[in-house]
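Chemist: only the shape, not the letters, is given here:
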């Protein structure tokens, strides 16, 4: 049960929350202090084998309505103006469903200038100095132990061949993946006790099942609950799942336990009651959407569930909500290629074709994707098997063609149904692209409901996305020995210029002062000492590649600063 007070309270257990929990708890332990670190996570804890797999149990899959009514599932999908965001909910945060890739930010990332003409990253820090990001990247690497795939599957080789056929063979490489491959990289599905020999949990070697983004049920993926959070708990940190934080209130100077600290109110989603806990330091780590929404509710008066709620942190920077980025996420699929790709085998991402040097050094990378066999297996469960399932698909396709309740969703879903030919998918090449978009989205609060609003316009990023489309067509359509296939980009982008991102960034950007950001370069909130934001929300621009390693490095940096300040 949550105690009434802790030295450190952390909201969220993704990269920001798990890393700070581990480092601060171990620092207290090494100093001979009683460990007093608490993590409140809104989602469930998933042990080995507990991730959902049945397509018939919707509440196991989806997080909705702030977890009310039993909607406390793994995936949280939210739609906004011109963009939708997919993220995860659970102990370990989005690491539970992220795609394992560990890549440093582009060298040019730290020089990004936004459309407003402002250099985005705080100029008071030399981010490329050996004692800055490179050192913290090394700390994340040492914990997650990423290595390239030891036995590349067909889809990896097909991507490499496609790059070579398009004259970009020298741009292909195998990225580091935070996956346990088994002893000597060759024990698929074999369970080993503490494979990294640091008092960690048992893990199995990767089975190449392609279910990375559904939660790894054999714990081959080095998710945060298996390393940072595991070690935090061994040190004495307390982690509480299904605890939704609803407000942060500054304590008065005469508070009996934490004068000038903070009191956090939460709801226990399992039992339906609320509670409060005070702390000397509070670290907000709910992700770009979660942290920004929580702080917007703290900055502005609003209504929530029919009740008026007064602002508790009104002096937050006016930059709150700014610099949202989808990290240039862009999806497409190459069909009818001249190779068997079998995208159902292997981790979701295994290879990279690197175009970061394009667009003045702020370009993009292309990674191959994968699809698990879960959908086909799920459809087999229907009465009548796959034949009957195909008739259901045709019925749903017609239904979505007629509906127009949301502008692009019918086109998107109809496009997906058009491609559900399970035999043809064997030669398909899914693409996942990310890079340096304009990062000019704006988040604010609907004060009538207390819900987050996000406005993202594509205008400033349009040249970037057009270049991605051009390169994807070259990569896909180059004649043999290239892929010699046909490209289909995300139908919602083609028809309405609407995108889906799994890498939301920004909203509480770093800055040298409150006119330029919400937090300082260490993550501490301007005007509110001992309140920190440590997650993707503080990133002031797109990062370029998969952002988890950079977010992790920023969290290591923030934790080191907090420890030096004293806990």
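Modeler: That came in fine, so what should we check first? Every value quoted in this text rests on a predicted model; they were computed, and no experiment measured them. Numbers count the residues shown, from 1 in each chain.
Chemist: from now on I want contacts and neighbour counts done on CA atoms only, so please keep to that.
Modeler: OK.
Chemist: can you check the pLDDT for residue 93?
Modeler: Residue 93 is assigned 96 on the pLDDT scale.
Chemist: now do the contacts for the nearest residue to it once chain neighbours are set aside.
Modeler: What sits nearest to residue 93 in space, not counting adjacent residues and going by CA to CA, 6 or more residues apart in numbering, is residue 14, at 3.9 Å. Counting by CA atoms under 8 Å, 6 or more residues apart in numbering, residue 14 touches 91-95, 224, 285-287, 535.
Chemist: try 6 Å
Modeler: Residues near residue 14 by CA atoms under 6 Å, 6 or more residues apart in numbering: 92-94.
Chemist: in stretch 97-117, what counts as buried?
Modeler: Judged by neighbour count (16 or more other CA atoms under 10 Å), stretch 97-117 contains these buried residues: 97-106, 108-112, 114.
Chemist: which outside residues touch it?
Modeler: With CA under 6 Å, 6+ apart, stretch 97-117 has contacts from 119-121, 176-178, 212-215, 543-544, 549.
Chemist: before we move on, what about stretch 235-253?
Modeler: With CA under 6 Å, 6+ apart as the test, stretch 235-253 has contacts from 25-26, 35, 37-44, 259-269, 312.
Chemist: with residue 247 as the reference, measure out to residue 300.
Modeler: 12 Å (CA to CA, to the nearest Å).
Chemist: before we move on, back to that, what about the contacts of stretch 235-253, which are in helices?
Modeler: With helices taken from DSSP state H, the overlap with the contacts of stretch 235-253 comprises 25-26.
Chemist: quick one, which of the contacts of stretch 235-253 are buried?
Modeler: 25-26, 35, 37-44, 260-269, 312.
Chemist: quick one: the helices in the protein, in order.
Modeler: Under DSSP H, the chain gives helices at 15-30, 58-61, 133-144, 154-165, 228-235, 287-299, 358-361, 374-380, 385-402, 409-418, 462-477, 491-496, 548-565.
Chemist: quick one: contacts of stretch 48-57?
Modeler: 215, 217-218.
Chemist: out of the residues you listed, which is most surrounded?
Modeler: residue 215 (25 neighbours; other CA atoms under 10 Å).
Chemist: let me know the pLDDT of residue 30.
Modeler: 97.
Chemist: neighbours of it, how many?
Modeler: 12.
Chemist: which residues touch it?
Modeler: Contacts of residue 30 (CA under 6 Å, 6+ apart): none.
Chemist: what's the spacing between it and residue 563?
Modeler: Distance of residue 30 to residue 563, given as CA to CA: 12 Å.
Chemist: in strands only, show me the buried ones among the contacts of stretch 235-253.
Modeler: 37-40, 262-268 (DSSP state E).
Chemist: any chance of those residues in JSON lines, with pLDDT too?
Modeler: Output for those, formatted as JSON lines (pLDDT from 0 to 100):
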{"residue": "37", "pLDDT": "98"}
{"residue": "38", "pLDDT": "98"}
{"residue": "39", "pLDDT": "98"}
{"residue": "40", "pLDDT": "98"}
{"residue": "262", "pLDDT": "98"}
{"residue": "263", "pLDDT": "98"}
{"residue": "264", "pLDDT": "98"}
{"residue": "265", "pLDDT": "98"}
{"residue": "266", "pLDDT": "98"}
{"residue": "267", "pLDDT": "96"}
{"residue": "268", "pLDDT": "96"}
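Chemist: closest to residue 493 among those residues?
Modeler: Closest approach to residue 493 among those (CA to CA): residue 40, at 36.6 Å.
Chemist: residue 508: which of the buried residues of stretch 97-117 is nearest?
Modeler: residue 114 (15.5 Å).
Chemist: residue 274: what's it in contact with?
Modeler: 266-268.
Chemist: go with 10 Å
Modeler: 243-246, 265-268 (CA atoms under 10 Å, 6 or more residues apart in numbering).
Chemist: out of residue 300 and residue 247, which sits in the more crowded spot?
Modeler: Each of residue 300 and residue 247 has its neighbours counted (other CA under 10 Å); residue 300 has more, 21 against 18.
Chemist: how many residues are close by the closest residue to the more buried one other than its chain neighbours?
Modeler: Using CA to CA, 6+ apart and skipping the chain neighbours, the partner closest in space to residue 300 is residue 311 (4.8 Å). The number of residues packed near residue 311 is 18, by other CA under 10 Å.
Chemist: list the contacts for residue 311?
Modeler: Contacts of residue 311 by CA under 10 Å, 6+ apart are 247-249, 295-302.
Chemist: hmm, 8 Å instead?
Modeler: If you count contacts by CA under 8 Å, 6+ apart, then residue 311 has 297-302 around it.
Chemist: re the thing from before, for the ones in strands among the buried ones among the contacts of stretch 235-253, give me JSON lines that also has distance to residue 507.
Modeler: Formatted as JSON lines, these follow (distance: CA to CA, whole Å):
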{"residue": "37", "distance to residue 507": "26"}
{"residue": "38", "distance to residue 507": "24"}
{"residue": "39", "distance to residue 507": "22"}
{"residue": "40", "distance to residue 507": "21"}
{"residue": "262", "distance to residue 507": "22"}
{"residue": "263", "distance to residue 507": "23"}
{"residue": "264", "distance to residue 507": "21"}
{"residue": "265", "distance to residue 507": "22"}
{"residue": "266", "distance to residue 507": "22"}
{"residue": "267", "distance to residue 507": "24"}
{"residue": "268", "distance to residue 507": "26"}
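Chemist: let me know the closest of those residues to residue 511.
Modeler: Of all these, residue 511 sits closest to residue 262, with 23.1 Å by CA to CA.
Chemist: the closest one contacts residue 278, correct?
Modeler: Yes. With contact defined as CA atoms under 8 Å, residue 262 and residue 278 form a contacting pair (5.6 Å).
Chemist: number of residues surrounding residue 154?
Modeler: Residue 154 has 18 nearby residues by other CA under 10 Å.
Chemist: need the contacts of stretch 48-57 in a markdown table (columns: pLDDT and distance to residue 50).
Modeler: Formatted as a markdown table, the contacts of stretch 48-57 follow (pLDDT from 0 to 100; distance: CA to CA, whole Å):
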| residue | pLDDT | distance to residue 50 |
| --- | --- | --- |
| 215 | 95 | 9 |
| 217 | 96 | 7 |
| 218 | 96 | 9 |
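Chemist: go through those and say which is closest to residue 470.
Modeler: Looking across these and measuring by CA to CA, the closest to residue 470 is residue 215, at 33.1 Å.
Chemist: gap between that closest one and residue 312?
Modeler: 36 Å.
Chemist: residue 508 too?
Modeler: In this view, residue 508 and residue 312 are 17 Å apart by CA to CA.
Chemist: got it, and residue 428?
Modeler: Plainly put, residue 428 is 52 Å away from residue 312 if you go by CA to CA.
Chemist: can you check residue 341 too?
Modeler: 54 Å.
Chemist: residue 364 now?
Modeler: For residue 364 relative to residue 312 (CA to CA), the value is 40 Å.
Chemist: if we can go back for a sec, present the contacts of stretch 48-57 as TSV; the columns should include distance to residue 60.
Modeler: Converted to TSV, those look like this (distance: CA to CA, whole Å):
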residue	distance to residue 60
215	12
217	14
218	18
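Chemist: chain neighbours aside, what residue packs nearest to residue 96?
Modeler: Leaving aside its sequence neighbours, residue 96 sits nearest to residue 215 (CA to CA, 6+ apart; 5.4 Å).
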